[in-house]
Each structure stands twice: as structure tokens, then as C-alpha cells.
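> Provided below for reference: sequence and predicted model.
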Protein chains: 4
Amino acid sequence: MGAIHEACIQVLVEVGAARLTTTRVAERAGVSVGTLYQYFPNKHALLAAVLEQHLLRVVESVEEACLTCQELDVADMAAALVAAFMRAKFADVSASRALYGVAAELGGSELVARCSDRSRQSLSRLLASASDRRFEDLDTVSCVLAGALVGPVQGLLMADAPAPVVDAVHRHLTTMAEAYLLASSMPRSTPSKAASPRLKNMN
Amino acid sequence: MGAIHEACIQVLVEVGAARLTTTRVAERAGVSVGTLYQYFPNKHALLAAVLEQHLLRVVESVEEACLTCQELDVADMAAALVAAFMRAKFADVSASRALYGVAAELGGSELVARCSDRSRQSLSRLLASASDRRFEDLDTVSCVLAGALVGPVQGLLMADAPAPVVDAVHRHLTTMAEAYLLASSMPRSTPSKAASPRLKNMN
Amino acid sequence: MGAIHEACIQVLVEVGAARLTTTRVAERAGVSVGTLYQYFPNKHALLAAVLEQHLLRVVESVEEACLTCQELDVADMAAALVAAFMRAKFADVSASRALYGVAAELGGSELVARCSDRSRQSLSRLLASASDRRFEDLDTVSCVLAGALVGPVQGLLMADAPAPVVDAVHRHLTTMAEAYLLASSMPRSTPSKAASPRLKNMN
Amino acid sequence: MGAIHEACIQVLVEVGAARLTTTRVAERAGVSVGTLYQYFPNKHALLAAVLEQHLLRVVESVEEACLTCQELDVADMAAALVAAFMRAKFADVSASRALYGVAAELGGSELVARCSDRSRQSLSRLLASASDRRFEDLDTVSCVLAGALVGPVQGLLMADAPAPVVDAVHRHLTTMAEAYLLASSMPRSTPSKAASPRLKNMN
DNA sequence: CATGAATGAGTCTTCATTCAT
DNA sequence: GATGAATGAAGACTCATTCAT
């Protein structure tokens, strides 16, 4: 079963979602089609299972980072979040790339929606605990932040960007996340710390 | 033929990329399959053409905004850019949504890459002309910025978000773009100087 | 289309309903599977169409006989009915035999029910018009009569009975139909004709 | 195994012959497929066994009735015969209905033929012993009579007829059988003579 | 003996593409 | 140029049967 799962990813990476056939996956897994269908009721379920695992891995990585950074300041949160997200996405680049197509194909499936939601909720919780700042519209912020990470990373994956570029983008995403979080929040009544907000006010 | 093109989008919207067939498109366009094949060598070409038009529309909208904002300050650029991008993407929501799947399917096609590149170049040119700021790593900034807009917008489209949410995100994206551009650049020493930007224009 | 229809019957005759495949039918018809599916939405529809034609042929033959014998006496009706039914069933023995399996497979389909009904109604109308007799429970009589013809004929078909046997059964069925009709009815008030009824009374 | 046998009938009743699978039968019987194949060499054998049992039950019921009515008069024979046949067929209506499809599928199998033959022979022997009448063409009569009972009963089963209809048909079948037997025979000259029937018994 | 996972040939069905009219 | 019937390769899925445990 794990073999089929793995084979599915390999086929996805090699020929893409459009040319993936159950027979090919079975062959690659070293089993017969019949066996494949003993574990997955149909092709769609197979793809969904594979996609789910991938999405969950990323979501869990994000959730974990969120829990770890609880109550830190916004800058630390931004850095940890970006790092966790990229680590998860780049853990298996080719799989991430291949599954992008699957996610699109499975379109409006609640699977994708569910994972997005989980991430956003973790994010909202995290931001609400920020030591230095207070957010008005938590849901919008977390939704925009999540999207703003996903977009560029997707771009890197699709373009098969080389490591230096990935690193540069990583740094920029951190900068952006921090800047955005500061810009979309107000300072908490804690002591003397109005430097960066003041900067913001000037724009 | 425009009718076929239009029909293709309609079918895409109604049944999705997976269930789109050349016959269905032809029927919807009020012509025969044979005629369809007179204008497009194969299904792939048809989809590519439709996708290209869509992407070009967005790219051109962005390029136009870039030209218009040349030499303004970063804050104005951010606002104009986000507005132009969202206007283009939300001009035909269902088409945008439907074509998302097509873009994924056509995967690494150079079509998508080409459009991304064009946008990034426009963006780079634009940012280089900013009256108040100077960027070190223009390419990374424009690439990250572009991705950071695409991501959240994609999310809105897939979730079929209602107008108020779209507006909220629009505002946040503007905030984010501005904050990011400021955070990733340094203040220009001399106020009114448009020499290097002007040079840029000439390329 | 007629070719496919015909081919379907041939395949049915040669390999039986269980081993009939759409590909085989198409091959036999000298067309491709695709063509077959242009005329019949699926295998079931094809079989249903073939069965329907067969059943309709028989039903129409019976209906015609019923119309022709209107208002004759019961004995003549019985003879004509049996003759019409057998003629129709034995017009294409192998097809009749082959379609028996199809009818069973398509089981409770309203197709079979509809045809049975049509026959029974014709029969009821016919019997109601008998010049010499009056029936109390027309529906039961026609239903039993129809079944009593179908049963033995089915037996002949399945056993591939030789002509002499068929003829003998034909004669017996006529005898039986006549005897049954007389036994299940009462004489009409018309003049002096009480011979056969009297026989009935004695049983 | 009886459990498998029984399970087979249940599956037949519930999902029909077309959707019957060996696995489903095994599951229903509470054993594994492997075990099923220990008792039946293949699916066909299983179905044949089940069908055979059913047919034999009916045949034996008829044979028993035939033995019991030996040397009675034709009217009593008809009544007893019809009653025995219907009792057997309606003992398990759903099973009878389900097995109809199996019988058709197993088509020209000698199984069906063998059972028909046994019934016809019993019937012939019975009729030969009739105290009041003498038949010329015993084989044709019994074959026609058997068929004339099977046909209407099959119709009732397929239509899932309600009890009153079944009763009405029962009565009509009795009338018909009696009428037919009288019409296809000649009166015996000597009343009490059981020589030839007795001879028949010895064969 | 029982088990049930594995097998893979065999079915139905779809659809991009062609080409004679 | 337009048409749309014909094509047939390809794919999803089923299920009778086997055999190692």
C-alpha cells in the first residue's frame, strides 16, 4: 500500500497527472492493477490520498511552527513560519511540483479547502498571541499571509529554481511576512516600542 | 475563430477541464468538430490559446499599470499594481477559476513561464524607476511580489469568495505590497532624480 | 445501424448473451466499437433495442391476429391465435432462442412487462368479442392463455425441437386453447348451442 | 456446504445473477472465497448446483403428486398436479424468481433438459394410468401440459403478483389442465381397469 | 483445511482525430 | 471550407481463480 502510494508520486513526477494511469502506477509499484484497486476504490481516491498526505505534511509543519512560536514577537513568527513552510515544501521538490497539478485537478475538493482552513486557523491563533502587536482582522491577515507564501513558492517549484534563488526568495519572504504583519497590526500597549510602527505611519 | 475560443471558456466553466471534449466545444460554438480542427491543430493547442489569451490579458494589464506608474513613489506603485492585477483577474471570475486548472495541466509549459517573465520584467523596470527608493535585488523582489499577489488571489478564486472578502484582501494586498517594497529597498538619497529610470525606459 | 442490430442477434445466437461483448458485435457488424456507441449509448441499450424489436414483432403478430378474429367464435379464435403466435416465434428460431436469455437478463425491465400487457389487452378485447361465449374474468383468462402458449413454445425453442414435434405441439396448443376458453366461459344467450358447454358442466 | 448454497440464493435474490460474484457469496456465507472453491470448482458449478436443487425440488414435488394420483380420474390428476406445481414454485417466491435468470443463463444446459424430461416422464406415466381416459400422444400431452403450467407461473413470478391473482390463476390453471386433458384424450371403455397403468409402473 | 491478498485477462466506454462528401 | 460519421487506441475498473501462509 505504501508502495502504491510511493509509485503514484513517482509516476506523477515522471509523466504528470494527465498521463498517470492506474496501470502505470501499479506497474511502477510492482503489483497488478487488481491489487491497486484492493487498496483504493478508484483512481480519484488514490490521487486524493496522495495529495492529502502531502498537504497534511505541510499543514502539520506549519501548525507545529505556530505552536512553537506562540507569544513571540511578530518578527520571530514571520521568520519561523516562512522557514517551516519552505522546509516542508522543499523537502521533496519534485513531489511538490507534481502534486500541484493534482491539487488543481481535484479542484474545489474539500480536501484542499480543509487544509487551507487548518493552516489559517493555526495562523490566526498564532498571530493573536503575538507579544508585540494586535491584529484587527485576523482572518484576512492569515489568509493573505498564507497565500503570499504559497504563491512565490509555487513559482519557484514550477520554475525548478536553483538553490541560491530559493535562498534569496526565502529571505525576501521573511522580510515580506514581517513587514506585512507589522503593517497590518497595531502596537500592543507594552512599554516603549514604537520604532517600527512609526516607520509604518510614514508611508 | 472567436466563437470557438469563447465556447471553450464556457465549456471549461461549465464542466471543467477534465470533462472538456473537442466535440463539446464545437457544439457549444455552433460548429462541427471538423471546423474546430481547421482553426486549432489539436485540443492542446486550443487550450493553450485560450490560456494564453487569459494570461496575456493579465500580463498586459500589469504592464500597462507599470508604464503608467513609472517614476512614482513605491506606495503609489503598490496600490496601482494590486488594483490592476485584481481588476484583470476578477474581470471574469469563472473563467479565471476554470483556467487555473488548465494552467496546472499545461504544467511546465513555457507559456506560463513566458508570461511570468514578462510580468517580472515589467515589474523590475517599474521598481527601478521608483522615485523614492532603490532596490538591490530587483529580480527577486519582482518575482516575490508577483507571487505574493497571485497566491492570495488564487485562493479567493478557488473559494469563490464574496465581494466584501475580496475587497478586504485587496486592501491587505496593497498594504503588504507597499510594506514589502519599502522593507526590501533603501531610500534614494536625492529626491527629484529620474535619470536612471529614464534610462531604463529606453531599453 | 441495422447492421449492428443484426450483428447483435448473430452474436447472441453464436455465443449467447453471457459472452456477448460490444467489441464482438461491432466486429461482426463490420464497424468499430466507436460506431456502435454512436448508435447505442451502452450495451444494455443495444440489447434492449434488439429484444424490443423481437418482442414487438411477436406482439404485433398477436395483435393483428386478434383484430382479424374479432367476433368469431372461440374455437376459431384459439386456432388463429396459436397459429399467429407460433408463426411469429418460429420465424427466426435461433433469434428467439437467443433472445430468451436476454429477456431473462433484462429481468423486470418494463419492456417485457409492457409487451406482455399489450398482448393481454389485445387478447382481452378479442375474447370479449367472442360470438358464442362470455367470459367472467377476462384478464385472468388472457393472462393464463398467453402464458400457456409461451411456456410450451419456449420449451420447444430451448430443446430445438424438430418440425414434426413442433407441429404436434401446435395442434395440441390449439386444442388446449379452445378447451380452456370454453371451460372458462359461459354460453352467450344465442340460440341453440349448448353441446360443448354441457360437456363443461359435467366436469 | 449448505451455508454457501443458501448464501448463493440470498445473493441471487438481493443483487441478481448479473451482479453475483463468488466473493460476495462467500462473504454472505461467512467463509472465504478459498473455502467456496473447496466445495465448488468454479462459479458455474455453484450456480448449477443451486439451480439443480431448485429444479429438483419442483420435479420431485411433481413426481410425488404423480405417484399419489396414479389411477385417479383426469380431473383429480389435473387439480393435484397444478396444486403440487404451484406449491413448489411458490414455496420460495424470491428464490424462484432469482433462479429464473440463472436458468436462462445456463441456457441449453442439459440440467434443465434433464429435469424437464423427468417431469414429462412422470406425467406420461401418470396420464397413462388415468382411470377414465386414454391418451394417444402421451409425450406431446405431458410436454404441452408442463409448459402450459410453467408459462403462466413464470409470468406471475416475474410480475410479483399478489396472492388473489395467484389464486385466480391457480384455479384457471386447474380448469385449463382438466379441459386440455379431456380434450386431448378419449374415454376409456371399461371403468375399473388398472392393468396397463400397473404395467407402466413397472418400467 | 481455511484464508484472503494478489493476479491480470477481459469489459465497457470515451474521445481526439481523420477524411470522404 | 464545413461537416460529422467513423475510427480505434487507451483507460478505468471488475472478478473468477490461485496459492502461499
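That came in fine, so what should we check first? Numbers count the residues shown, from 1 in each chain, chains lettered A, B, ... in the order given.

> show me which helix runs longest in chain A.
Assignment by DSSP state H gives helix A:43-69 as the longest helix of chain A.

> you'd agree A:R134 is in a helix?
No - looking at A:R134 with DSSP: H, G, I helix; E, B strand; the rest coil, it is strand, so not inside a helix.

> what residues go with each domain of chain A?
If you go by automatic domain parsing, the domain ranges for chain A are A:1-40, A:50-197.

> tell me the buried residues in the first one?
So the one you mean is domain A:1-40. Buried residues in domain A:1-40, counting neighbours by 16 or more other Cβ atoms under 10 Å in any protein chain shown, are found at A:4-5, A:7-13, A:16-17, A:20, A:22, A:24-26, A:28-29, A:31, A:36, A:39-40. Yep, even glycine has a C-beta here, placed from its N, CA and C like the rest.

> where's that domain relative to the chain centroid, distance-wise?
Relative to the centre of its chain, domain A:1-40 is centred 25 Å away, using Cα atoms, centre = their mean, to the nearest Å.

> that domain spans what distance, first to last residue?
End-to-end span of domain A:1-40 (Cα to Cα, to the nearest Å): 9 Å.

> also stretch A:9-22?
Criterion Cα to Cα; first-to-last residue distance in stretch A:9-22 is 12 Å.

> picking that back up, now the longest helix of chain A: mean pLDDT?
The average pLDDT within helix A:43-69 is 92.

> which parts of that helix are buried?
Applying a neighbour-count criterion of 16+ other Cβ under 10 Å, one finds A:46-52, A:54-55, A:57-63, A:65-66, A:69 buried in helix A:43-69.

> please name the nearest non-neighbouring residue to A:A17.
Leaving aside its sequence neighbours, A:A17 sits nearest to A:G101 (Cβ to Cβ, 6 or more residues apart in numbering or on different chains; 4.1 Å).

> let me know how buried A:L138 is, in neighbour terms.
19 (other Cβ atoms under 10 Å in any protein chain shown).

> now it: closest residue in space that isn't a chain neighbour?
Going by Cβ to Cβ, 6+ apart, A:L138 has A:S124 as its nearest residue, at 4.5 Å.

> and that neighbour, which helix or strand is it part of?
A:S124 is located in helix A:110-128, with elements delineated by DSSP states H and E.

> out of the domains of chain A, nearest to C:F85?
domain A:1-40 (48.5 Å; Cβ to Cβ).

> does that closest one come close to DNA strand E?
Yes - Domain A:1-40 lies within reach of DNA strand E by Cβ under 7 Å from any atom of the strand, at A:31-35, A:37-39.

> would you tell me what the next helix or strand after the longest helix of chain A is?
With secondary structure assigned by DSSP H and E, helix A:43-69 is succeeded by helix A:74-90.

> dump that next one to CSV, restricted to CA.
Written as CSV, here are the backbone C-alpha positions of helix A:74-90 (Å, rounded to 0.1, in the frame of the first residue of the first chain):
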residue,chain,number,x,y,z
VAL,A,74,5.9,39.2,15.1
ALA,A,75,9.3,39.2,13.5
ASP,A,76,10.2,35.9,15.0
MET,A,77,6.9,34.5,14.0
ALA,A,78,7.4,35.6,10.4
ALA,A,79,10.9,34.0,10.2
ALA,A,80,9.8,30.7,11.8
LEU,A,81,6.7,30.5,9.7
VAL,A,82,8.5,31.1,6.4
ALA,A,83,11.2,28.6,7.3
ALA,A,84,8.8,25.9,8.3
PHE,A,85,6.7,26.4,5.2
MET,A,86,9.6,26.3,2.8
ARG,A,87,11.2,23.4,4.6
ALA,A,88,8.0,21.4,4.2
LYS,A,89,7.5,22.3,0.5
PHE,A,90,11.1,21.8,-0.5
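
> how far away is the residue nearest to A:D76 when sequence neighbours are not counted from B:A49?
With Cβ to Cβ, 6+ apart as the criterion, A:D76 has its nearest non-adjacent residue at 6.1 Å, and that residue is A:C69. Taking Cβ to Cβ, to the nearest Å as the measure, A:C69 and B:A49 are separated by 47 Å.

> likewise A:T68?
Distance from A:T68 to B:A49, by Cβ to Cβ: 48 Å.

> picking up where we left off before, what's the angle from the longest helix of chain A to helix A:74-90?
Following axes from the mean of the first three to the mean of the last three Cα atoms, to 10 degrees, one obtains 150 degrees for the angle between helix A:43-69 and helix A:74-90.

> what about helix A:43-69 and DNA strand F, any contact?
Yes - under the criterion of Cβ under 7 Å from any atom of the strand, DNA strand F is reached by helix A:43-69 at A:43-44.

> quick one: is that helix near DNA strand E?
No - contact of helix A:43-69 with DNA strand E is not found when judged by Cβ under 7 Å from any atom of the strand; the minimum separation is 13.5 Å.

> so which elements touch that helix?
Secondary-structure packing of helix A:43-69 (3 or more Cβ pairs under 8 Å, 6 or more residues apart in numbering or on different chains; DSSP states H and E): helix A:2-15, helix A:22-29, helix A:74-90, helix A:93-105, helix A:110-128.

> what's the helix or strand for the closest residue to DNA strand E within chain A?
Residue nearest to DNA strand E within chain A: A:G34 (1.8 Å; Cβ to the nearest atom of the strand). Using DSSP H and E, A:G34 falls within helix A:33-39.
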